[in-house]
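[1] Got a predicted structure plus its sequence, pasted below:
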Amino acid sequence: MTKSPYFPQPAVASNVAITTEAIDITTLFANAQHATAGGIVLFSGTVRNHHAGMAVAYLEYEAFEPLALKQMQLIVNEACSKWSLSHAHCTHRIGKLAIGDSAIVVITAHAHRSQAYEANQYIMDRVKAEVPIWKNEFFTDGSSAWGNNTPPINSK
Amino acid sequence: MTKSPYFPQPAVASNVAITTEAIDITTLFANAQHATAGGIVLFSGTVRNHHAGMAVAYLEYEAFEPLALKQMQLIVNEACSKWSLSHAHCTHRIGKLAIGDSAIVVITAHAHRSQAYEANQYIMDRVKAEVPIWKNEFFTDGSSAWGNNTPPINSK
Amino acid sequence: MIDIQVFAGLKDYFPATFNMEQVKSVADLKSCLEQQQPHSANLLSLSRFAVNEHFVSLEHPLNNHDKVAILPPASGG
Amino acid sequence: MIDIQVFAGLKDYFPATFNMEQVKSVADLKSCLEQQQPHSANLLSLSRFAVNEHFVSLEHPLNNHDKVAILPPASGG
């Protein structure tokens, strides 16, 4: 795959990130807008104001960062070779997030849009299942719960 | 579906647009970031630097605007009710576009990500097939071709 | 008199806008245009017709002052 | 001595970081922890183990100064 010299490809190491700052969607999108891309899909997973019928006040995400970054890079690399993507990126935000904040952004770019959609969903599905990052939902009633945990023990 | 008062929903009329200006992805994304959305999918179709093996210099899109807007609104409305989307938007740019420019942006938001992906692809597929907008590709060799036309007659 | 507007590749055969008299229906208009420009027949057969900004079928009658738009297959996106 | 770090819901049962002596394997560590906190058994059985930042199986032997991370099912995204 050739790249236009006017749109230098970011280094592979920048294809994944974990950050405590707000995710800068504008910059991430601009990075994906290569000359060879026909379709760019950007997914943003945002903090919802409700979960299982309970009102969420805010969330905290924690990560085992070294392994989380490694696994994110592995997933993104596998998607890139599986679909010959012209670009792929995944950023996960950790720490305290408010309702409406982006917790995760996944971007995929391909000459044809169906591949960009498919690869994007693939990365999201695998990141959710495999990357050691956890969310702790804090509800407006003062209770909290770790995502994917055995519920009865977990609600303190 | 209830909306947070902090994230007012744009009027239905603003859910589709045809513009000769660069598409402002940052603003469109921010409009989609409602409190109730769990997943936001943004698709951008960008001008490619090649088509059928020929190098593209630039593109021009033309539209039959009144019917194009009507049809875009119909498609977006049908997607909204089919998937109960919390937000949907489609902007198509017309006029002269350079390599890498966004020609179309479709945004869908839903509490669950698979619906947001699915609805986004649905809108893209239908817009490409049904909305009276046409692209004219100008190649670096000086020739040009209308998209979807009978190729032999069309290359002048 | 009927106002006619054509788009995209149809402009290789016809002016972007022109008008015609004595066409009774969309089908009638289509066959007039095919006779004028036989090479346009294929693209015309793939095109949709709109009258006064509504998609119509070939049977649709045409009245004085109607505005017809002839729309080749879309290629946006 | 083995350094152990637990995450997310496992912190309801164990300190975020602690250390243990005389555990020979990941399986050995897991059953020690289950004995200490029987209610943690379910979550431990769903968790993955990493040693020195690599995922490992239960059979993986543990050596002095190894750093073990116990990772409940992911809930990111």
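    Cool, the structure landed. Note that this is a predicted model, so its numbers are computed, not measured.

[2] going forward, measure contacts between C-alpha atoms and count neighbours the same way
    Fine.

[3] what ranges of the chain fall below the confidence cut-off?
    Because you didn't say which chain, this covers chain A. Across chain A, the ranges flagged by pLDDT under 70 are A:1-14, A:35, A:148-156.

[4] same thing but 50
    Residues of chain A meeting the criterion pLDDT under 50: A:1-13, A:150-156.

[5] roughly how far apart are the one residue sitting closest to the centre of chain A and A:L42?
    Closest residue to the average C-alpha location of chain A: A:I104 at 3.2 Å, with Cα atoms, centre = their mean. According to Cα to Cα, to the nearest Å, A:I104 stands 10 Å off from A:L42.

[6] Could you do A:A103 as well?
    Note on A:A103: its distance to A:L42, by Cα to Cα, is 13 Å.

[7] Next up, phi/psi of the spatially closest residue to C:F7 that is not a sequence neighbour, please.
    What sits nearest to C:F7 in space, not counting adjacent residues and going by Cα to Cα, 6 or more residues apart in numbering or on different chains, is C:L71, at 6.0 Å. The phi and psi torsions at C:L71 (degrees, to the nearest 10) take the values phi -120, psi 100.

[8] what are the bridge partners for C:L71, then?
    Assessed by DSSP bridges, C:L71 has beta-bridge partners C:R48.

[9] close enough to count as contact, A:T20 and A:R93?
    Yes - using Cα atoms under 8 Å, A:T20 is in contact with A:R93, at 5.5 Å.

[10] These two: which is more packed in?
    Ranked by neighbour count (other Cα atoms under 10 Å in any protein chain shown), A:T20 and A:R93 place A:R93 first, with 25 against 14.

[11] give the contact list for that one.
    Residues in contact with A:R93 (Cα atoms under 8 Å, 6 or more residues apart in numbering or on different chains) are A:18-23, A:61, A:102-104.

[12] what's the farthest-apart pair in the residues you listed?
    For the contacts of A:R93, the maximum inter-member distance is 14.0 Å, found between A:I23 and A:Y61 (Cα to Cα).

[13] Between those two, point out the one with more neighbours.
    A:Y61 (23 against 20).

[14] Beta-bridge partners for the more buried one, please?
    A:G95, A:K135.

[15] can you tell me which residues contact it?
    A:93-97, A:133-136, D:76.

[16] ok so, going back, what is the host helix or strand of the residue nearest to the centre of chain A packed up against?
    Taking DSSP states H and E as the criterion, A:I104 maps to strand A:102-110. Packed against strand A:102-110, as judged by 3 or more Cα pairs under 8 Å, 6 or more residues apart in numbering or on different chains; DSSP states H and E, are the following elements: helix A:25-32, strand A:39-46, strand A:87-93, helix A:113-130.

[17] so which of the ones you listed is the most packed in?
    Most buried of the helices and strands packed on strand A:102-110 by mean neighbour count (mean count of other Cα atoms under 10 Å in any protein chain shown) is strand A:39-46; its value is a mean of 29.

[18] Near the closest residue to chain D within chain C, how many other residues are there?
    Closest to chain D within chain C is C:G77: 29.3 Å, counting by Cα to the nearest Cα. Burial measure for C:G77: 28 neighbouring residues, criterion other Cα under 10 Å.

[19] One more: C:Q37?
    C:Q37: 12 neighbours (other Cα under 10 Å).

[20] Distance-wise, check the nearest residue to it once chain neighbours are set aside relative to chain A.
    Leaving aside its chain neighbours, C:Q37 sits nearest to C:Y13 (6.5 Å; criterion: Cα to Cα, 6+ apart). Distance of C:Y13 to chain A, computed by Cα to the nearest Cα, to the nearest Å: 30 Å.

[21] So C:Y13 is in contact with C:S40, correct?
    Yes - with contact defined as Cα under 8 Å, C:Y13 reaches C:S40; the gap is 6.5 Å.

[22] Between the two, point out the one with more neighbours.
    Using other Cα under 10 Å, the more surrounded residue of C:Y13 and C:S40 is C:S40, with 20 against 15.

[23] In three-state terms, how would that one be classified?
    Of the three states, C:S40 takes helix according to DSSP: H, G, I helix; E, B strand; the rest coil.

[24] so what's it up against?
    Counting by Cα under 8 Å, 6+ apart, C:S40 touches C:10, C:13, C:33-34.

[25] again, but for A:D141
    By Cα under 8 Å, 6+ apart, A:D141 lies in contact with A:A55.

[26] Just to be sure, it is in a helix?
    No - under three-state DSSP, A:D141 falls outside any helix and is assigned coil.

[27] any idea how far chain C is from it?
    Counting by Cα to the nearest Cα, the separation of A:D141 from chain C is 47 Å.

[28] likewise A:G147?
    From A:G147 across to chain C, the span is 39 Å (Cα to the nearest Cα).

[29] before we move on, back to that, which among the contacts of A:R93 gets closest to B:F29?
    For the contacts of A:R93, the residue nearest B:F29 by Cα to Cα is A:S102; the value is 11.1 Å.

[30] Run a quick neighbour tally on the closest one.
    Residues lying near A:S102 (other Cα under 10 Å) number 26.

[31] Not counting sequence-adjacent ones, nearest residue to it?
    For A:S102, ignoring the flanking residues on the chain, the nearest one in space by Cα to Cα, 6+ apart is A:T46 at 4.3 Å.

[32] these two touch, right, that neighbour and A:L97?
    No - with contact defined as Cα under 8 Å, A:T46 does not count as touching A:L97 (9.3 Å).

[33] Let's see the pLDDT reported for C:F55.
    Per-residue pLDDT puts C:F55 at 96.

[34] what's the burial count for it?
    For C:F55, using other Cα under 10 Å, the count is 15.

[35] And it, which helix or strand is it part of?
    strand C:54-56.

[36] quick one: is that strand near chain B?
    Yes - using Cα under 8 Å from any Cα of the partner chain, strand C:54-56 reaches chain B at C:H54.

[37] follow-up on the earlier one: ok, the residue nearest to A:S102 - contacts?
    Listed by Cα under 8 Å, 6+ apart, the contact partners of A:T46 are A:99-104, B:33, B:37-40.
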